[in-house]
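Engineer: Provide a 3D model corresponding to the input given below.
(2 chains)
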Amino acid sequence: DAGITQSPRHKVTETGTPVTLRCHQTENHRYMYWYRQDPGHGLRLIHYSYGVKDTDKGEVSDGYSVSRSKTEDFLLTLESATSSQTSVYFCAISESGGTGKETQYFGPGTRLLVL
Amino acid sequence: DQQVKQNSPSLSVQEGRISILNCDYTNSMFDYFLWYKKYPAEGPTFLISISSIKDKNEDGRFTVFLNKSAKHLSLHIVPSQPGDSAVYFCAASARGGADGLTFGKGTHLIIQP
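Structural biologist: Residues are numbered from 1 along each chain as shown, chains lettered A, B, ... in the order given. Alright, predicted model coming up:
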């Protein structure tokens, strides 16, 4: 199994509060991703990173920001949590964006409830 | 606009028989396709993948077939085992996956004893 951990694994918060989720990898992979999974939607890309300090938006980036100051850590911040951000959040990593190395490996997920 | 479609939300198969999960895509820029398996309260686990330059890839009990002209891929599991009961996601990428994966909504496979 790829060395990916996510913290916290479960969190309950209130509307309007900031929340930060952490993804940590021990594989030294260049690419890191944040997805959310909601019933009826599969997994949807929020943000991704292709290197330290290099990030870009995904399909559902509104209300989220990310930071990557070290290769091993990718942080997802909900600037002001809303009930629509109640979801399960998955981090993923891949070795590179090159052909044959696109396979992404996922962390265990963080279940977030916004009240 | 859903670019990756899994039209069967659930599929029930008898143990020992073949399970066939289907996936359709609309974006002709997709060049790499993956299947993931997911158990409740766990992250998706990579199962098998196929590049657009191939039409078949096999790994043990799992085979993925790609029909580019029909923009269709399928995952065959033979023989099906109880531990195969899970949600299966089809995913696709373009540009070497640099922009992330696009997922289908998943198919819940149930293996009946």
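Engineer: Which positions in chain B make contact with chain A?
Structural biologist: Residues of chain B found near chain A, taking CB under 8 Å from any CB of the partner chain as the criterion, are B:4, B:31-32, B:34, B:36, B:41-46, B:49, B:51, B:89, B:91, B:93, B:95-106. Just so you know, the C-beta spots here come from the backbone N, C-alpha and C atoms, and that holds for glycine as well.
Engineer: Please repeat the previous calculation with a cut-off of 7 Å.
Structural biologist: Proximity of chain B to chain A (CB under 7 Å from any CB of the partner chain) is limited to residues B:32, B:34, B:42-44, B:46, B:49, B:89, B:93, B:96-98, B:100-101, B:103-106.
Engineer: Report the buried members of those.
Structural biologist: B:32, B:34, B:43-44, B:46, B:49, B:89, B:93, B:96-98, B:100-101, B:103-106 (16 or more other CB atoms under 10 Å in any protein chain shown).
Engineer: Out of the residues of chain B next to chain A, list just those in strands.
Structural biologist: Taking DSSP state E as the definition of strands, the residues of chain B next to chain A contribute B:Tyr32, B:Leu34, B:Phe46, B:Ser49, B:Phe89, B:Ser93, B:Phe103.
Engineer: Spatially, which two of those residues are the most separated?
Structural biologist: Pairwise distances across these peak at 14.5 Å for B:Tyr32 and B:Phe89 (criterion: CB to CB).
Engineer: tell me the secondary structure for the residue nearest the centre of chain A?
Structural biologist: In chain A, the residue lying closest to the centroid (CA atoms, centre = their mean) is A:Trp34, at 2.5 Å. Of the three states, A:Trp34 takes strand according to DSSP: H, G, I helix; E, B strand; the rest coil.
Engineer: That one: what's it in contact with?
Structural biologist: A:Ile46, A:His47, A:Val66, A:Leu76, A:Tyr89, A:Cys91 (CB atoms under 7 Å, 6 or more residues apart in numbering or on different chains).
Engineer: redo that, cut-off 8 Å
Structural biologist: With contacts defined as CB atoms under 8 Å, 6 or more residues apart in numbering or on different chains, A:Trp34 is in contact with A:21, A:23, A:45-48, A:58, A:64, A:66, A:74, A:76, A:89-92.
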